[in-house]
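S.K.: missing the sequence, but the structure's below:
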């Protein structure tokens, strides 16, 4: 992706989020220079990988295969492992109409996917085989706003505004906006986008950025390079 495209997506996403009455935290609007100037104070932001995350999964077709995310809070894996402390994470996401977030699952993370507004969120589901791998013939069980729902292999759930679904490790899923763009909330256990996204097909998690212009704001994938 070109940096100019990333900058445009950030501006569009911010406007879309605000249209539903949601406001991103103040650090979202820091410039790269401000982020570097506040490097010491921002250690918790970079360490938890909070902030902007725009991906085309390395495919170069963001409008067809991509996702906008902003991580607002993220706990510590060591707290999750010992069963106490900051064991949770939260994201806000935007899935554009017919924009696919590809089939994947998680080993650690359980997540509530919440339609915060806009169109319908379509989520296609498959279960796992005995080794936790993708299974075309397996279904499973999810919870839709606290109600048990048994799904068949390849079944697509339609999640309307205000509705949610709880996905557990081993629930393979892909999703997209059905009939329009969707504002999505994600509340989960500790989030690790580097190692805990298991895709059915080989694909990248983060976009490769072509630096055609200066960044408006840094992506979480920029932190290691820009903040050293």
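M.R.: Good, I have the coordinates. Since we're looking at a predicted model, the values are computed, not measured. Residues are numbered from 1 along each chain as shown.
S.K.: Just give the nearest non-adjacent residue to residue 124, would you?
M.R.: Excluding the flanking residues, the one nearest residue 124 by Cβ to Cβ, 6 or more residues apart in numbering is residue 156, at 4.6 Å. The way it works is simple: take the backbone N, C-alpha and C, and place the C-beta from them, glycine included.
S.K.: how about the helix or strand hosting that neighbour: buried residues?
M.R.: Element membership of residue 156 [criterion: DSSP states H and E] is strand 155-159. Across strand 155-159, burial judged by 16 or more other Cβ atoms under 10 Å covers 157, 159.
S.K.: Run the chain-centre distance for that strand.
M.R.: Offset of strand 155-159 from its chain centre (Cα atoms, centre = their mean, to the nearest Å): 18 Å.
S.K.: helices or strands up against the next helix or strand after it?
M.R.: Once strand 155-159 ends, the next helix or strand along the chain (criterion: DSSP H and E) is strand 164-167. Other helices and strands packing on strand 164-167, by 3 or more Cβ pairs under 8 Å, 6 or more residues apart in numbering; DSSP states H and E, are strand 111-126, strand 140-144.
S.K.: Please state the backbone phi and psi of residue 3?
M.R.: phi -60, psi -30 (degrees, to the nearest 10).
S.K.: And for the one 10 residues further on?
M.R.: The main-chain torsion angles of residue 13 are listed as degrees, to the nearest 10 and equal phi -70, psi -40.
S.K.: wait, what's in contact with it?
M.R.: 54, 68, 70, 94 (Cβ atoms under 8 Å, 6 or more residues apart in numbering).
S.K.: what pLDDT does the residue of the chain most remote from its centre get?
M.R.: Distance to the chain centre peaks in the chain at residue 37, reaching 27.5 Å (criterion: Cα atoms, centre = their mean). What the model reports as pLDDT for residue 37 is 93.
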